[in-house]
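Student: have a look at this prediction, sequence included:
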Amino acid sequence: MTDPGTAWAGAAALRPPTDRLLLDTWERAAELTPAARPLALLAAACPQYSWEQLAAAPLGRLAGLLAALRRALVGDAVEAVASCPACNGLVEVGFALSGLYAPGGPGSVDTTAELTVTAELTVTAEGHEIRCRPVTTADLLAVRGTADPAAALLSRCVTAVARVAGPEGDGAGDGAGGGAGGGDPLPAGDLPAGARAAVEAALAAADPQAEALLGLDCPGCGTHWWEPFDLGAFLWADLERLALHTLAEVDTLARAYGWREADILALGRRRRRRYLDLVTA
């Protein structure tokens, strides 16, 4: 685990996780769905934000906080393995989180206002004026189990649709403006395919860190592809490893000295490791 005294420099929105907090958070989050676990981790590390505020934040801003938390817990370097979609060969992947989620970049937040303020977009495409907002974790949780999650997600993120008179326009703007167009309201699910694609492109441009993609090359067959990187799932795996490692240390010292878990965790990591050295010498 990275030394919290240095790893959290510059991460003003976060607090160093104690071993007690790490274990408590791991235990609570294990009962949640994978999509909700990042909220539990950040709720513990960012007590100034409520669960509702975190759930309502655009995915890219949440990713910035998750990246800072992962750097503090484990470090910036990521090592993983991906499967080639062409030959199923394993490809080793190594990169720095700061290359995907740069500190001070679009995903960096230090205040509640920056986390929760969301600019509404206006997209004009195929004769429709569409107002929409970035995707949030609350949206992802809400569409779980629906027959068509993609359509349900679009319906949640599109706040107003109207047909527009005159020449059809294409493209996206970033103003929040007034009502959408002067035509009749239209359900988001009835948008033509081109308009839906325009909305998706506008949302991706407005929240670029919402989905991180890694450009990979297979050394076996030469295939190049883009692999999504699920930071929340990766961080959860790191946290689980840390929690199990900490529990193993507690178990060793409890067996050797008869100490309680709370007393062992209160020792601090450096002193605890000294006692472990003595036990295993």
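Tutor: Nice, thanks for sending it over.

Student: ok, now which ones touch the residue nearest the centre of the chain?
Tutor: The structure's the chain has its C-alpha centroid closest to Ala63; by C-alpha atoms, centre = their mean the separation is 3.7 Å. Applying C-beta atoms under 8 Å, 6 or more residues apart in numbering, one finds that Ala63 lies in contact with 101, 107, 209-210, 212, 231. Bear in mind the C-beta positions are built from the backbone N, C-alpha and C, glycine included.

Student: let's see if you can find the most crowded of those residues.
Tutor: Gly107 (27 neighbours; other C-beta atoms under 10 Å).

Student: residues contacting Gly232?
Tutor: So Gly232 contacts 34-35, 37-38, 66 (C-beta under 8 Å, 6+ apart).

Student: of these, which belong to helices?
Tutor: 37-38, 66 (DSSP state H).

Student: most neighbours, which of the residues you listed?
Tutor: Pro38 (26 neighbours).

Student: in the stretch 151-281 of the chain, where is pLDDT below threshold?
Tutor: Residues of the stretch 151-281 of the chain meeting the criterion pLDDT under 70: 165-186.

Student: can you show me the helices along it?
Tutor: 193-206, 231-257, 261-266, 269-280 (DSSP state H, counting those that start in this stretch).

Student: which stretches of the stretch 1-150 of the chain form strands?
Tutor: Ranges of strands in the stretch 1-150 of the chain, per DSSP state E, counting those that start in this stretch, are 77-83, 90-96, 121-125, 128-132.

Student: what strands line up against the first one, and which way round?
Tutor: Each strand pairing with strand 77-83, determined using DSSP bridges, is listed with its direction: strand 90-96 (antiparallel).

Student: save the contacts of Ala63 as JSON lines, and put in distance to Val164 too.
Tutor: Compiled in JSON lines, the contacts of Ala63 are given as follows (distance: C-beta to C-beta, whole Å):
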{"residue": "Tyr101", "distance to Val164": "37"}
{"residue": "Gly107", "distance to Val164": "34"}
{"residue": "Gln209", "distance to Val164": "31"}
{"residue": "Ala210", "distance to Val164": "27"}
{"residue": "Ala212", "distance to Val164": "35"}
{"residue": "Leu231", "distance to Val164": "38"}
